[in-house]
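# Turn this into a structure:
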Amino acid sequence: MTSREQTPEVVILCEDIAHERFIRQYLICCEFEDRKIKDFGNPKGRKLNNNNDFVIKHYAPLVKSYRSKNFQNRAVVVMIDADNNSISNIIRSLNIALDEEEGKLNQELRLPNKKIAIFVPARNIETWFYYINIDQNCDETTDYKNHPEIRKMNSIDLAQASATKLAREICPKGLYSNALSSLHHACSELRRLLY
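Numbers count the residues shown, from 1 in each chain. Sure, this is the predicted structure:
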């Protein structure tokens, strides 16, 4: 970013408060202004049958609103756990929500110059927390959500600490080639916000 005045207003659409705090803290570390980072109105601790459904349901209206105000300096950040899906299947689901016909044809519905970033932690955000804080020799199929090292930490504090460590210690050096594929994907998505 060249200056704080040029940072866009960011709307975050995600599954829960751990996602929101992670994204917010990471963006702050990247010199986005906290006051310009808005929460879409995520569940924040409310019990839902499927938080992925919440994100997919609200993705299309949010993107359409973003596109209708393309003259403004705005950005959209979406975070949705892959769970048992692939990153490409999650993005396809979001594309189908945006335009069913084009999405089913696997069309990419985000233009490269639009500030819409989609982060898909695989298997879930706790995998990223585990990788960043505990052991980089982890995988994206194991569910680390109930791992004893993760469970003993407050999820909000862990989210913020993980984002800070990722932004200040790991990303400046560059991800290792064998780092989690979902983190590599997130790095490429982040570039959408920084052009």
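
# List of residues touching the helix or strand of the chain with the lowest mean pLDDT?
Ranking every helix and strand in the chain by mean pLDDT, DSSP states H and E puts helix 100-104 at the bottom, with a mean of 80. Here helix 100-104 makes contact (Cβ atoms under 8 Å, 6 or more residues apart in numbering) with Arg92, Ser93, Leu94, Asn95, Ile96, Ala97, Leu109. Placement of C-beta: from N, CA and C, glycine included.

# my read: Ile156 touches Glu20, true?
No - the pair Ile156 / Glu20 is not scored as a contact, 9.2 Å apart, by Cβ atoms under 8 Å.

# out of the two, which sits in the more crowded spot?
Glu20 (23 against 15; other Cβ atoms under 10 Å).

# Any figure for the gap between the more buried one and Phe71?
Separation of Glu20 from Phe71 (Cβ to Cβ, to the nearest Å): 27 Å.

# mind putting the contacts of helix 100-104 in a markdown table, distance to Ile125 and neighbour count included?
Formatted as a markdown table, the contacts of helix 100-104 follow (distance: Cβ to Cβ, whole Å; neighbours: other Cβ atoms under 10 Å):
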| residue | distance to Ile125 | neighbour count |
| --- | --- | --- |
| Arg92 | 20 | 18 |
| Ser93 | 18 | 18 |
| Leu94 | 17 | 23 |
| Asn95 | 22 | 22 |
| Ile96 | 23 | 19 |
| Ala97 | 21 | 18 |
| Leu109 | 24 | 17 |
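
# Could you let me know which of the residues you listed ends up closest to Leu166?
For the contacts of helix 100-104, the residue nearest Leu166 by Cβ to Cβ is Leu94; the value is 23.1 Å.

# need the helices for the chain, in chain order.
Per DSSP state H, the chain carries helices over the ranges 17-29, 51-68, 87-98, 100-104, 125-133, 148-151, 155-165, 181-194.

# Columns distance to Ala117 on top of these, output as CSV?
Shown next, in CSV, are these (distance: least, Cβ to Cβ, whole Å):
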stretch, distance to Ala117
helix 17-29, 9
helix 51-68, 12
helix 87-98, 11
helix 100-104, 18
helix 125-133, 15
helix 148-151, 25
helix 155-165, 14
helix 181-194, 4
